[in-house]
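Peer 1: sequence first, then the predicted structure, then my questions.
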Amino acid sequence: MFANTKATNGFAVDDVEAAKRFYGETLGLGTTDLSEEFGVMSIQLAGGRDTLVYRKDDFLPATYTILNFEVDDIDAAVDELTSKGVELERYEGFEQDEKGIARGPGPSIAWFKDPAGNILAVLQQPA
């Protein structure tokens, strides 16, 4: 039924302006205001996959990873994030190194949060 239908994903935040600064300035993604009145914007992801970001008054942060950014060099990505003041998350059950990276046997991954508390990750596939 929807095999050839364009789909858009999205997620909520409590402060669209803070999200715009974080995704645009800190992460370097393109952002577009769609409705200042209703608190709606989009972020432009590689591959032409725009993602809707919207204000939700009774917002609660996602308790799972909402976006994974696949990178070629996770150490460089983590270093750049931390140089911009982003703190890496640590989770029980994952062995993470001093940088906060959980390495293999699958992809190496490091988690961080946006200003609203939604969980994001950078990951590097094994060579």
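Peer 2: All right, it came through fine. Numbering: from 1, shown residues only.

Peer 1: following the lowest-mean-pLDDT helix or strand in the chain, which helix or strand comes up?
Peer 2: Ranked by mean pLDDT, DSSP states H and E, the weakest helix or strand in the chain is strand 49-55, scoring a mean of 94. Later in the chain than strand 49-55, the nearest helix or strand by DSSP states H and E is strand 65-70.

Peer 1: that next one: which residues count as buried?
Peer 2: Ile66, Leu67, Phe69 (16 or more other Cβ atoms under 10 Å). For the C-beta atoms, the positions are set from N, CA and C on the backbone; glycine is no exception.

Peer 1: need those in CSV (columns: pLDDT and distance to Val13).
Peer 2: Shown next, in CSV, are the buried residues of strand 65-70 (pLDDT from 0 to 100; distance: Cβ to Cβ, whole Å):
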residue, pLDDT, distance to Val13
Ile66, 96, 10
Leu67, 96, 12
Phe69, 97, 17
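
Peer 1: quick check, nearest of those to Ala12?
Peer 2: Ile66 (9.6 Å; Cβ to Cβ).
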